[in-house]
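Visitor: Sequence first, then the predicted structure, then my questions.
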Amino acid sequence: MAAQNATHAPDSVHDAQPDSTRDREIASEQEHLDRVYQRLEEKIHEAEFLMDDAAKRGQVGTPGALAERDAQVFQAGAHLNRLNSEYEDFLFGRIDLLLGKDGKKGPDGAYTSVEPADGAIADGRAEIAETLHIGRLGVLDADYSPLVIDWRAPAAAPFYRATPVAPGRVVRRRVIRSKGRRVLGVEDDLMRPEITATLDGEELPAVGDGALMAALGRARSHTMRDIVASIQAEQDMVIRAPAASVTEVEGGPGTGKTAVALHRAAYLLYQDRRRYAGGILIVSPTPLLVAYTEGVLPSLGEEGQVAIRALGSLVDGAEATAYDSPAVARVKGSSRMQKLLRKAARGALETAGTASAGAAASKPASKPASKPVSTSAAALPDGQLAFGEEDDEPAETPAGPPDRLRVVVFGARVELDARDLHRIRHSALGGTAPVNLLRPRARRLILDALWSRSGAAKRYTDPELAAEARQAFDEDITTEPDFQDFLDAWWPELTPRGVLAAMADERRLGRWARRVLNQREVRKLARSLSRLDDTGQGPLSVHDVALLDELQLILGAPPRPARTRDADPLDQLTGLEELSTYADRMSGGGRSRRERLEEERTDYAHVIVDEAQDLTPMQWRMVGRRGRHATWTVVGDPAQSSWSDPDEAAVARDEALGTRPRRRFTLTVNYRNPAEIAELAARVLALAMPGMEAPEAVRSTGLTPRFAVADEKDLAGSVREAARQLLDEVDGTVGVVVAMDRRAEARRWLAELGDRVVALGSLEAKGLEYDATLVVSPAEIADESPAGLRVLYVALTRATQQLTVLSGTRDEPDEDGVPDLLRD
Ligand SMILES: Nc1ncnc2c1ncn2[C@@H]1O[C@H](COP(=O)(O)OP(=O)(O)OP(=O)(O)O)[C@@H](O)[C@H]1O
């Protein structure tokens, strides 16, 4: 596809329209929209009546009446929920179709044939046999004829798929622009420009300059818009791909991968709501991208079943706020961490009770060993038993796990010393079972050792008597609170955060990481974890969160009393929790359902991974655990990967996706960047990924990227000046991308320019877009990490209209200010 000039769109449709044609067409769509609203109002009244009636029945109180009430409330509520979507541009498309081949109608009242009937076109002329309006939801007229077809229905597919090369039955595709109840404009594409088509005896006109170009040229805000009115054919193939198995989508910057992923979630829910009641999880790389995209699904009328979460907040209670240096990220993301974490979890037990030892409880760990206990001995058939110390013990003992256990039995002291306890711990830890779940086993081994050391076993020749005595022995020991205290200190419940904190001790970490990490890696890792306090509280990085998730698995959660869910019984009966108004959804008032979904779910029915190229092996493991029984959609672009070892990540990705069959798609058209910017970015692509093809830009603005050189003594001033210039030139947003280390200062530099400007670290720019972008020092960005050139490629592909590149001396700019990295 050749780039089109957005400011002077070509005559893709017709030349300037006589106003009367345009006005007439707008008036005709207005008439249709009025009918739609009239029908919607009727439906709303119906729904309200049902709700009212249901409420009255509720007062009757017989079980039958209550059940009926529930059913009615559900139906009425479902209506209202859908009809509330009217406030967005409810109706946005129309297709005029030839007569179909088989003359059959589908459930939405539209003819199902894709191909025209033989003879539908005769001598270059044809009569339009069917007109369908496409909208966010389906609406049927009182006689069940379709007033609006849901954009996800099969009958709407030709609206997205038809092209002049493969038009099927479509003669004219129209995008309708409306606001509230008013039609503002129409944009037509003729799919069969060679024929003369008539509708009700009149020639079918075509109006406008093409909807796609209009959509792409629009100023950007801080939130993404849906593309429901202008989804392109190659994107539609992905959105409607069958859900089974794994759908993998690759495509360069701006090809619509994120947009397609979001629309696919809405499509899947429409297709099979019951199946996806299990929830759809969308995994996004950064909270910024979550904030940017989370309005799209509500605008498509979908939200309840979909959770959009950033990689750094995928684990409940964790919220990544810190950044790791590339070198630390590389260690933390690597699959070598699995082995290290297993060792650390086991090792943390041995250091339990010391500072940073990973235990959950804040009990003084030394208490049971140090406190003299004079437990009154429980009577055993043949002796007495007591715990604790009889001799004097210093009041203060060094912190650490208890290193001995003494009981008094038959008047004699039985003791397990440090070596015994170590041996028992070692033997209990054998195998790979979760550490927190091994405590009962360790407890049994302790009792075995005490029993054997007490010599009691020898006194019984009758095995039955021996068993009885043993049972009583165990009971008496284990019911003593001091024994519980001992166990709590010697085998405490470990928490993932606690184990991470334990790893901040470099010497200890060095022991656990033997033959896994080298000395430098150990040092860097320990230093980065020292951000956490002894219990593991403190700022987490996005890579720490994947480690927490892995540790959760390694440690296991000890059984707890079931959490009671404060559920409304009606809620469960009828599914009314899905009901929310459009306004609620947009304002966040309807979030409780979603929040609950996010809180409780760890296994989803479908998982969508955005920017999949960036997931580290450890992150793939974390995400994989959330989709063990799921189907998947995975979208990404290897050329934008900030992970340094793609092969290692590919192995982890394969493990996460399992052996499910895969269906691959490639998106080839760049809808974001004008050709002038795409061409510049392609130079970096050639360096970052030689041989990789850049997507083709769909439009051109005639504005070439600008190059400037910063004042060495006043970088802040230079950045401000360049940003200010861009602000003057565009209506929407300006993104200023700097190396990660400069984030904080760049924010300060730009604070005075207002909220149309955003300062971003290079890694934060992922997935976002701005009307204009200022990229500060490409060399600094490229030198930041082994994947730096790919990160720079991301930075250079964020602008929809204008790009300025500001160089420092490190960039070695030529006399035109073009930095070395961007020269031809
Ligand atoms: N069919 C379309 N109609 C209108 N706008 C579109 C269409 N497809 C994509 N866009 C727009 O192009 C821009 C880029 O889309 P999106 O962010 O989904 O691309 P991407 O492939 O995820 O990019 P990146 O890899 O750079 O993150 C968005 O503004 C999106 O709304």
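Guide: On my side now, so go ahead. Numbering: from 1, shown residues only.

Visitor: name the element the residue most central in space within the chain belongs to?
Guide: Most central in the chain under C-alpha atoms, centre = their mean is residue 283, positioned 1.8 Å from the mean C-alpha point. Per DSSP states H and E, residue 283 falls inside strand 280-284.

Visitor: ok so, going back, can you verify my assumption that the residue nearest to the centre of the chain contacts residue 309?
Guide: Yes: under the criterion of C-beta atoms under 8 Å, residue 283 makes contact with residue 309 at 6.3 Å. C-betas here are computed from N, CA, C, even on glycine.

Visitor: Which single residue of the stretch 601-750 of the chain ends up nearest the ligand?
Guide: Residue of the stretch 601-750 of the chain nearest the ligand, by C-beta to the nearest ligand atom: residue 671 (3.6 Å).

Visitor: Around that residue, how many other residues sit close by?
Guide: Neighbours of residue 671 under the rule other C-beta atoms under 10 Å: 22.

Visitor: next one: residue 28
Guide: So residue 28, with other C-beta under 10 Å, has 14 neighbours.

Visitor: Residue 27 now?
Guide: 10.

Visitor: same thing with residue 240?
Guide: Burial of residue 240 is recorded as 20 neighbouring residues (other C-beta under 10 Å).

Visitor: correct me, but it touches residue 157?
Guide: Yes: Residue 240 is within contact range of residue 157, at 6.6 Å (criterion: C-beta under 8 Å).

Visitor: and the stretch 51-200 of the chain, which residues reach the ligand?
Guide: Within the stretch 51-200 of the chain, not a single residue sits near the ligand (C-beta under 6 Å from any ligand atom).

Visitor: give me the residue from the stretch 51-200 of the chain nearest the ligand.
Guide: For the stretch 51-200 of the chain, C-beta to the nearest ligand atom, closest residue to the ligand: residue 160, 8.7 Å.

Visitor: Tell me which residues touch the nearest residue to that residue once chain neighbours are set aside, please.
Guide: Leaving aside its sequence neighbours, residue 160 sits nearest to residue 236 (C-beta to C-beta, 6 or more residues apart in numbering; 3.8 Å). Residue 236 sits next to 157, 160, 161 when contact means C-beta atoms under 8 Å, 6 or more residues apart in numbering.

Visitor: who wins for neighbours among the residues you listed?
Guide: In terms of neighbours by other C-beta under 10 Å, those top out with residue 160 at 24 neighbours.

Visitor: Look at it and give its secondary structure.
Guide: What DSSP: H, G, I helix; E, B strand; the rest coil gives for residue 160 is helix.

Visitor: which residues does it contact?
Guide: Contact analysis of residue 160 by C-beta under 8 Å, 6+ apart lists 231, 232, 233, 235, 236.

Visitor: With distance to residue 258, secondary structure and pLDDT added, can I get those residues in TSV?
Guide: Converted to TSV, those look like this (distance: C-beta to C-beta, whole Å; DSSP: H, G, I helix; E, B strand; the rest coil; pLDDT from 0 to 100):
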residue	distance to residue 258	secondary structure	pLDDT
231	13	coil	88
232	15	coil	88
233	18	helix	87
235	11	helix	93
236	16	helix	93
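
Visitor: can you name the two of those that are farthest apart?
Guide: 231 and 233 (8.3 Å; C-beta to C-beta).

Visitor: Between those two, which has more neighbouring residues?
Guide: residue 231 (24 against 13).

Visitor: you'd agree that one is up against residue 238?
Guide: No: between residue 231 and residue 238 there is no contact under C-beta under 8 Å: 9.6 Å.
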